[in-house]
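Visitor: Sequence and computational prediction follow.
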Amino acid sequence: MSRSDDLIFQINRAIRTVESQTGMDQLDLSSRSILSFIGDAESQQRTLNVSDVVKGPGFGTAPTVYSRIAELERTGWIKCVPDPSDGRAKHVRLTPLARKAFARMSAETHKVLSRKAKG
């Protein structure tokens, strides 16, 4: 394997290290995917409702996704807040804990890419 082929594995190791350091690795893969889905929407300045997550890309059945959302909220990764324009709906947002974890992942990825550019 060439050094350039190795880049994705270096980035993956950096991300797994941050997941371990922040406790994100304690979440199941589907919950991490949901968390990433919410984070990606926030990075694009989009607000998701719980129903948007339930309809998301293959996270499981509605009861399973609702359960995972509840667990993510209980463990401090997301916050569900009432939608001011629809009293029945709730927005889902990352908490500072989740934002900090994703920021660390980004920083570590940039370090890997910087080392690659220098070497």
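Guide: Done, it's in. All values reported here derive from a predicted model rather than from experimental measurement.

Visitor: what comes into contact with the top strand by length along the chain?
Guide: Using DSSP state E to define each element, the chain has its longest strand at strand 86-94. By CB atoms under 8 Å, 6 or more residues apart in numbering, the surrounding residues in contact with strand 86-94 are 35, 38-39, 42, 47-53, 69, 77-83, 102. Quick note: C-beta positions are derived from backbone N, CA and C, even for glycine.

Visitor: got it, and stretch 30-42?
Guide: Contacts of stretch 30-42 (CB under 8 Å, 6+ apart): 19, 24, 27, 47-48, 52-53, 56-57, 59-60, 64-65, 68-69, 71-72, 77-78, 92-94, 98-99, 102.

Visitor: circling back: could you give me the buried positions within the longest strand of the chain?
Guide: Going by neighbour count (16 or more other CB atoms under 10 Å), the buried part of strand 86-94 is K90, H91, V92, R93, L94.

Visitor: helices and strands around the helix or strand just after it, which ones?
Guide: Per DSSP states H and E, the first helix or strand lying C-terminal to strand 86-94 is helix 96-118. Counting contacts by 3 or more CB pairs under 8 Å, 6 or more residues apart in numbering; DSSP states H and E, helix 96-118 packs against helix 7-22, helix 29-43.

Visitor: Tell me how many other residues crowd R104.
Guide: 18 (other CB atoms under 10 Å).

Visitor: Same question for Q44.
Guide: Number of residues near Q44 (other CB under 10 Å) recorded here: 7.

Visitor: What of R115?
Guide: 11.
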